[in-house]
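In: quick one: sequence plus predicted model below, questions after.
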Amino acid sequence: MSFRNLPALAICLLVPPLAAQTPESLDFLAGLPDFREIRNMLPAHLNRLGETLLEQRERKIAQLSTPQDVERRRAYVRERMLRSLGGLPSERTPLNARTVGVLDRDGYRIEKVIFESQPRFYVTANLYLPKQGQPPFPAVLFPLGHEAGAKAHSAWQQMLVSLAKKGYVGLAWDPIGQGERSQIFDVDLGESKVIRSTTEHTMVGIQCLLAGDNLARYTIWDGMRALDYLLSRKEVDPRRVACTGNSGGGTHTAYLSALDDRIQVAAPSCYLTSWRRLLASIGPQDAEQCVPPSLRDELDHADFVHAFAPRPYLILSAIRDFFSITGARETYQEAQRVYSLLGASEKLSMVEADDGHGYTQPRRLAAYRWFAKWLKDAADDDPEPQVTLETEQALYATETGQVSTALGGETVISLNQKRVEQNKSLRPKTELRRRVAELAGIEPRSGPVRVTPYGRITRPGYRIEKLVYDAEPGVIVPALLFVPEPARSPAPAILYAHGRGKAAAAARGGDLEQLVQAGFVALAIDARGAGETQTTPANQASDFPPFFGDYHSAMKALLVGRTLLGMRAGDISRGVDLLAARQEVDPERIYGFGQGRLSPSLLHAAVLDPRLRKLVLEEMLVSYESVVSARIHRGIFEIVIPGVLRSYDLPDLAAALASRPVWIVNATDPLGHRARPAEVSRLYSQPGIRIAERRPEQGLREVYPDLLAGR
């Protein structure tokens, strides 16, 4: 199959040169000119799906022609955002706010504050107050970005002190996973177990997705409760409130301003761009910056601005930012039309600085001017005041510098666990197949599967056919078909889906040779993103791949309303189609063998495909609930299904196959280690499920005698 018909990405992933092909090559596409972009196949396919949805959105935006249309769009944006977040907490519980320290400085003071955004979910904050002027003052809500130091970062201090000296009250708080609020703090390391804040966000964000929420549910609620606290202060004029922040703070400025009408002026910095440009460049960012399925819901960055219109909105951008300036300009142009429809063109503006990512002085000065214009009805062309920076320790609101060691209380992890437990009793008891298809985003394919041969390998007693089959338009699956010689038709068949790809068990003496020697036809596949189709990470220095695997592809799939797990389940089902059409195969005896990260995809495929009569699941995650119960996990994101724990867990699927033998072998915990046998036995105690262990030296006949004997 040629990939010339696939549109090229604006930025291609760098892939090492493919190895030279030999007749014995099991990764047989290496070196073939038609497949030079094979490792880019999955990202390109997902980008096309996203582009299609964005084109549909553009047609709808073009139809906005009246203020009433804009109001309906605003309502739609808010409804979809809140639904994707998992809703917000229904009750504004007592903040129990207290000031635990004060720094008295020349012209301003800083109060160190602790409040509870949810019961015993502590938020550490700094409140900057003017010492001159007459209250009530205008106020600025200041959500933070991902930079080191959290609320003590130099740019944040520069701006917050400047605002206080200019007569504003400013409030900054530590985001979840940063500053004093690490969710997985390690007392021995003296920092988060995963070091980077974006990694910690995504670690707990995966747990949120499984529970049916988004990490932004917690971060947005923290921001709304921070605003509650800010407005509770007698020094603040509730009619004059702005929100601004940079990077992750720009993200939350966009979120909060779109959802909370108490904010009168917004100025996000170094965030707003467009999804079209994100897909073509840096891709999805960390957990709280991605709210699936926003692309399926036909939402883009401009919708944050539309939801705020016609209040004053300033887009602050850097020309040399990693957030595309072209995307920011496109968003501004679209928003201009909406503000014009509302007769408020003068309330939307954009400032570009020829610099890089950060709340640098050109953008800070622009923000001061914007706030003065709309909150004070005045001009502010004064130079930025000199600021003496405080140390991170001086700004701590806790004695130890960490909520977890000073106060304890709840974490996102503990709150997730409670939500999962509450929802467990509400799981539907019927229509499991429909729920599996809908939640996993598995789209059925019908009709003959298109197969293209690429040679064969002859070994004593069997042959290996090198094949490629079409899974869906734009996606192919490389495969190896092991066929006994002489043929013993009709033979039982096994579809073998290994997490490392088709070649992982195809060596002489490996599982596939053992199967074919036992009389089976065996089809080993590279499901999309595995084996020869595995995507090479663009940023090799990132710590995302070791923890999250192919994060970009998995997140893009969620954003377009599908899952990588479900897409791979579709690849497996088309492989079953291929086997069922072969004359050597007995269609009544087709089995499935999954290993590692592809085992959950095989399990989901089997629930929907009764042709898979027996199932082996090796090294499969023991349960999704175990991920929510763990503080840290690895290799989970590629099998995430949003909201799955509101509907079912992996043991439920295995139990649903009670009439078909299922082997659970070497089940793993969320870190990829062997799960405790007692836990596996408890979860998989239903009749028809066989629990076993397999040592590295054990062959198939030792572990699966009934499977190989056809019983």
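Out: All right, it came through fine. Numbering: from 1, shown residues only.
In: could you chop the protein up by domain?
Out: Annotated domains of the chain cover 68-420, 433-708 [automatic domain parsing].
In: quick one: least confident helix or strand in the protein?
Out: Ranked by mean pLDDT, DSSP states H and E, the helix or strand of the chain with the weakest confidence is strand 191-192, at a mean of 84.
In: ok, residues contacting that one?
Out: Here strand 191-192 makes contact (Cβ atoms under 8 Å, 6 or more residues apart in numbering) with 177, 182, 183, 184, 185, 186, 200. All C-beta atoms are positioned from the backbone trio N, CA, C, and that covers glycine.
In: returning to that earlier point: need the domains of the chain in JSON lines (columns: distance to residue 427 and mean neighbour count).
Out: Formatted as JSON lines, the domains of the chain follow (distance: least, Cβ to Cβ, whole Å; neighbours: other Cβ atoms under 10 Å):
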{"stretch": "domain 68-420", "distance to residue 427": "10", "mean neighbour count": "20"}
{"stretch": "domain 433-708", "distance to residue 427": "6", "mean neighbour count": "20"}
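In: including distance to residue 48, could those domains go into JSON lines?
Out: Shown next, in JSON lines, are these (distance: least, Cβ to Cβ, whole Å):
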{"stretch": "domain 68-420", "distance to residue 48": "9"}
{"stretch": "domain 433-708", "distance to residue 48": "6"}
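In: of all those domains, which one is nearest residue 42?
Out: Minimum separation from residue 42 across the domains of the chain (Cβ to Cβ) falls at domain 433-708, 4.9 Å.
In: in the stretch 451-600 of the chain, where is pLDDT below threshold?
Out: Counting by pLDDT under 70, the stretch 451-600 of the chain contains low-confidence ranges at 537-541.
In: quick one: the strands in the stretch 51-200 of the chain?
Out: Assigned by DSSP state E, counting those that start in this stretch, the stretch 51-200 of the chain shows strands spanning 98-105, 108-118, 121-130, 137-142, 169-173, 185-186, 191-192.
In: given the fourth one, what are its sheet partners and their directions?
Out: This means strand 137-142. When sheet partners are counted by DSSP bridges, strand 137-142 sits next to strand 169-173 (parallel), strand 236-246 (parallel).
In: got the angle for the last one vs strand 121-130?
Out: Read that as strand 236-246. Angle, strand 236-246 to strand 121-130, by axes from the mean of the first three to the mean of the last three Cα atoms, to 10 degrees: 110 degrees.
In: what helices or strands is the following helix or strand past strand 236-246 leaning on?
Out: Next helix or strand after strand 236-246 toward the C-terminus (DSSP states H and E): helix 248-259. Contact here means 3 or more Cβ pairs under 8 Å, 6 or more residues apart in numbering; DSSP states H and E; on that basis helix 248-259 packs against helix 67-85, helix 215-232, strand 236-246, strand 265-269, helix 302-308.
In: what is the fourth one packed up against?
Out: Right, the one you point to is strand 265-269. So strand 265-269, by 3+ Cβ pairs under 8 Å, 6+ apart, packs with strand 236-246, helix 248-259, strand 313-318, helix 361-371.
In: out of the domains of the chain, the one nearest residue 36 is which?
Out: Ranking the domains of the chain by distance to residue 36, with Cβ to Cβ as the measure, places domain 433-708 first at 11.9 Å.
In: distance from that closest one to the middle of the chain?
Out: Mean C-alpha position of domain 433-708 versus that of the full chain (Cα atoms, centre = their mean, to the nearest Å) differs by 22 Å.
In: tell me the span between the first and last residue of that domain.
Out: 28 Å (Cα to Cα, to the nearest Å).
In: what's next to the helix ranked longest in the chain, contact-wise?
Out: Ranked by number of residues, the top helix in the chain under DSSP state H is helix 41-62. Helix 41-62 has contacts (Cβ under 8 Å, 6+ apart) with 3, 6-9, 13, 37, 73, 275-276, 279-280, 295-296, 298-300, 302, 334, 474-476, 528-529, 533, 535, 550, 552-553, 556-557, 559-560, 562.
In: mind redoing it with 7 Å?
Out: 6-7, 9, 13, 275-276, 279, 295-296, 298, 300, 334, 474-475, 528-529, 533, 535, 552-553, 556-557, 559-560 (Cβ atoms under 7 Å, 6 or more residues apart in numbering).
In: chain center to it, what's the gap?
Out: 18 Å.
In: could I get the CA-only coordinates of it as PDB?
Out: What follows is helix 41-62, C-alpha atoms only, in PDB (Å, rounded to 0.1, in the frame of the first residue of the first chain):
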ATOM      1  CA  MET A  41       0.700   6.600  10.000                       C
ATOM      2  CA  LEU A  42      -1.100   6.800  13.400                       C
ATOM      3  CA  PRO A  43      -0.400  10.500  14.100                       C
ATOM      4  CA  ALA A  44      -1.300  11.400  10.500                       C
ATOM      5  CA  HIS A  45      -4.600   9.400  10.800                       C
ATOM      6  CA  LEU A  46      -5.500  11.100  14.000                       C
ATOM      7  CA  ASN A  47      -4.700  14.500  12.700                       C
ATOM      8  CA  ARG A  48      -7.000  13.900   9.700                       C
ATOM      9  CA  LEU A  49      -9.800  13.000  12.100                       C
ATOM     10  CA  GLY A  50      -9.200  16.100  14.000                       C
ATOM     11  CA  GLU A  51      -9.000  18.300  10.900                       C
ATOM     12  CA  THR A  52     -12.400  16.900   9.700                       C
ATOM     13  CA  LEU A  53     -14.000  17.900  13.000                       C
ATOM     14  CA  LEU A  54     -12.400  21.300  12.900                       C
ATOM     15  CA  GLU A  55     -13.700  21.900   9.400                       C
ATOM     16  CA  GLN A  56     -17.200  21.000  10.600                       C
ATOM     17  CA  ARG A  57     -16.800  23.500  13.400                       C
ATOM     18  CA  GLU A  58     -15.700  26.200  11.000                       C
ATOM     19  CA  ARG A  59     -18.900  25.800   9.000                       C
ATOM     20  CA  LYS A  60     -21.000  26.200  12.100                       C
ATOM     21  CA  ILE A  61     -19.000  29.300  13.300                       C
ATOM     22  CA  ALA A  62     -19.500  30.900   9.800                       C
END
